[in-house]
Each structure stands twice: as structure tokens, then as C-alpha cells.
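Engineer: dropping the sequence and predicted coords here.
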Amino acid sequence: MNFWIIQTFNGISYGALLFLLASGLSLIFGVMRIVNLSHGSYFLLGGYFALTVMNLTGSWLLALPVSALAVAVIGILIERVFLRRLGFDPLRQVLLTVGFALLF
């Protein structure tokens with residue numbers, strides 16, 4: 001019985017993670033008209049930042065806002081420097097954001 005409870009919670013947490021990634025992708029495309037295929041890489045980068053802050057400070061509550069702020073700054077810089085110059089050409093956006101996904 002314990003196995004099925006653990007599997008149920010694992011499935012719910014995985015579904016919540018997929019929902020967060022999918023809603024972020026559709027929100028970015030709906031609001032800014034940018035096809036951002038590196039969205040999951042930003043999510044993973046935030047996890048790495050949070051883990052680093054947790055290892056350095058030992059505080060889980062400090063790791064959340066610091067990692068969110070760091071990923072937000074990186075996303076804003078990439079949007080301002082790279083994506084604005086492309087305009088609304090979806091093929092170039094896909095190529096650039098897949099490149100950033102491989103880079104991250």
C-alpha cells in the first residue's frame with residue numbers, strides 16, 4: 001500500500017511540473033508572440049541556482065527568491081539583446097531558443 005501512495009504523489013508532482021512548463025510556454029507565446037523552446041532550460045537553470053544557494057547558505061527560503069530573480073534577469077537580458085532583434089520571424093526564434101536550450 002505504501003508503494004501506491006508514493007507512486008500517486010510522484011505522479012501528481014510530475015503532472016504539476018508539466019503543467020508549470022506548459023503554462024509558461026503558452027503564456028510567453030500568447031503574450032509576446034515568441035516561440036521559446038528553451039523554456040524548460042530556464043526552469044532547470046533556476047533549479048541549479050536554487051541548489052547552489054541552498055548549498056552555500058543552507059536556507060531553502062532564501063534559495064527560492066534568489067534563483068527566481070537570477071533566472072528572470074537572464075531571461076530579460078536574452079530577450080532584450082537577442083530576441084528583439086529578430087522581430088516576429090518564428091523560424092529564427094526557434095533556432096535561437098533551441099540554441100540557448102543547448103547552451104544551458
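Structural biologist: Done, it's in.
Engineer: okay, domains of the protein per the record?
Structural biologist: Domains of the chain are assigned by the TED database as 1-33, 37-103.
Engineer: now the longest helix along the chain, how far from the centre of its chain.
Structural biologist: Taking DSSP state H as the criterion, the chain has its longest helix at helix 2-32. Between the centre of helix 2-32 and the centre of its chain there are 12 Å (Cα atoms, centre = their mean, to the nearest Å).
Engineer: for it, packing partners?
Structural biologist: Applying 3 or more Cβ pairs under 8 Å, 6 or more residues apart in numbering; DSSP states H and E, one finds that helix 2-32 makes contact with helix 39-57. For glycine as for every other residue, the C-beta is placed from the backbone atoms N, C-alpha and C.
Engineer: now the element after the helix it packs on, going C-ward?
Structural biologist: Proceeding N to C from helix 39-57, the next assigned helix or strand is helix 60-78, under DSSP states H and E.
Engineer: please identify the buried residues of that next one?
Structural biologist: Using 16 or more other Cβ atoms under 10 Å as the test for burial, helix 60-78 gives Ala63, Val66, Ser67, Ala70, Val71, Ile74, Gly75, Ile78.
Engineer: distance check, the last one against Phe49.
Structural biologist: Just to be clear, that refers to Ile78. As judged by Cβ to Cβ, to the nearest Å, Ile78 and Phe49 stand 15 Å apart.
Engineer: what does Gly99 give?
Structural biologist: Distance, Gly99 to Phe49, by Cβ to Cβ: 21 Å.
Engineer: for Gln93, same thing?
Structural biologist: Look at Gln93 and Phe49: by Cβ to Cβ, they are 25 Å apart.
Engineer: show me what contacts the residue nearest to Leu51 when sequence neighbours are not counted?
Structural biologist: Nearest-residue entry for Leu51: Ala63, 7.5 Å, with adjacent residues in sequence omitted and distances by Cβ to Cβ, 6 or more residues apart in numbering. Shown in contact with Ala63 (Cβ atoms under 8 Å, 6 or more residues apart in numbering): Phe49, Ala50, Leu51, Val53, Met54, Thr57.
Engineer: let's see 10 Å
Structural biologist: Contact analysis of Ala63 by Cβ atoms under 10 Å, 6 or more residues apart in numbering lists Gly46, Gly47, Phe49, Ala50, Leu51, Thr52, Val53, Met54, Asn55, Leu56, Thr57.
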